[in-house]
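Asker: here is my input, please return the structure:
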Amino acid sequence: MTGASEVKPPYQDCTGLRQAVIDACLEMNATGINQGTSGNISVRAGDHMLITPSGVPYEKMTPADLVCMPLDGSAAPEGQLKPSTEWPFHLAILQAKPAVNAVVHAHPVYCSALAMNRQSIPACHYMVAAFGGSDVPVADYALFGSRQLSENITRALQNRSACLMANHGAVATGESLPRALWRMTELETLAKGYATSLTLGKTHILSEDEMAAVIAAFADYGLKDSR
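Answerer: Next up, the predicted model:
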């Protein structure tokens, strides 16, 4: 296995990067933030996007199976596997956010449960600031793979690095592949904590001033540049 941290952005299409994407998929399932092949991952590779194919089990996926698509939205070269059905929103995110080099989509249980209730995550924990603001929003529902879903997600990700997806799952972005995967893991941990808190009583929400202080402190957060 090629550790994703061994491949540094800005990424270029190479076997090491493709293997790092596969390794990240395997890690998603090993850590329980995804099940089966419901999740998908993309990375920016020069002026193209590499994305996992549709319906290929991660343990059987090879670097050659990843699908390379132009970032300008033009047709992908022929002779490749079919890309994930969610490729439109991966492409839309990479087009809308030039600083993002990786997009991770999954169906984590607690993120999905909140998304089923169309319930955003408020400032219930200081780690909410890891996603760019004082909440983690929910993108409006639209059919998977649709242009409308892409528009809903890119809107929800304005000034945020992750969001829930109504009646669907979650998406996290990163300046690097490890950072995007880290954010997805942290998001599911946060969602689990918030969902549990709701069963115990009234959740105390941090004030705007308290969150402003946290967001300022995150400028020096330890993981910022190490991933």
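Asker: look up which helix or strand the residue positioned nearest the centre of the chain falls in, please.
Answerer: For the chain, the residue nearest the mean C-alpha position is Ala172 (2.2 Å; CA atoms, centre = their mean). Assigned by DSSP states H and E, Ala172 belongs to strand 169-174.
Asker: packing partners of that strand?
Answerer: Contact here means 3 or more CB pairs under 8 Å, 6 or more residues apart in numbering; DSSP states H and E; on that basis strand 169-174 packs against helix 87-96, strand 102-106, helix 109-116, strand 162-165, helix 177-200. Using the backbone N, CA and C atoms, a C-beta is placed for each residue, glycine as well.
Asker: for the fourth one, packing partners?
Answerer: Think strand 162-165. Under the contact definition 3+ CB pairs under 8 Å, 6+ apart, strand 162-165 sits against helix 109-116, strand 138-139, helix 147-156, strand 169-174, helix 177-200.
Asker: and the average pLDDT for that strand is what?
Answerer: The pLDDT scores in strand 162-165 average 98.
Asker: quickly run through the sheet partners of it, with directions.
Answerer: Here strand 162-165 has these sheet partners by DSSP bridges: strand 138-139 (parallel), strand 169-174 (antiparallel).
Asker: out of those, flag the one nearest Asp47.
Answerer: Among these, the nearest to Asp47 by CB to CB is strand 169-174 (18.4 Å).
Asker: mind listing what's buried in that closest one?
Answerer: Buried residues in strand 169-174, defined by neighbour count with 16 or more other CB atoms under 10 Å: Gly169, Ala170, Val171, Ala172, Thr173, Gly174.
Asker: which residues touch that strand?
Answerer: 38-39, 89, 93, 97, 100-108, 111-112, 115, 139, 153, 157, 161-165, 180-184, 187-188, 191, 227 (CB atoms under 8 Å, 6 or more residues apart in numbering).
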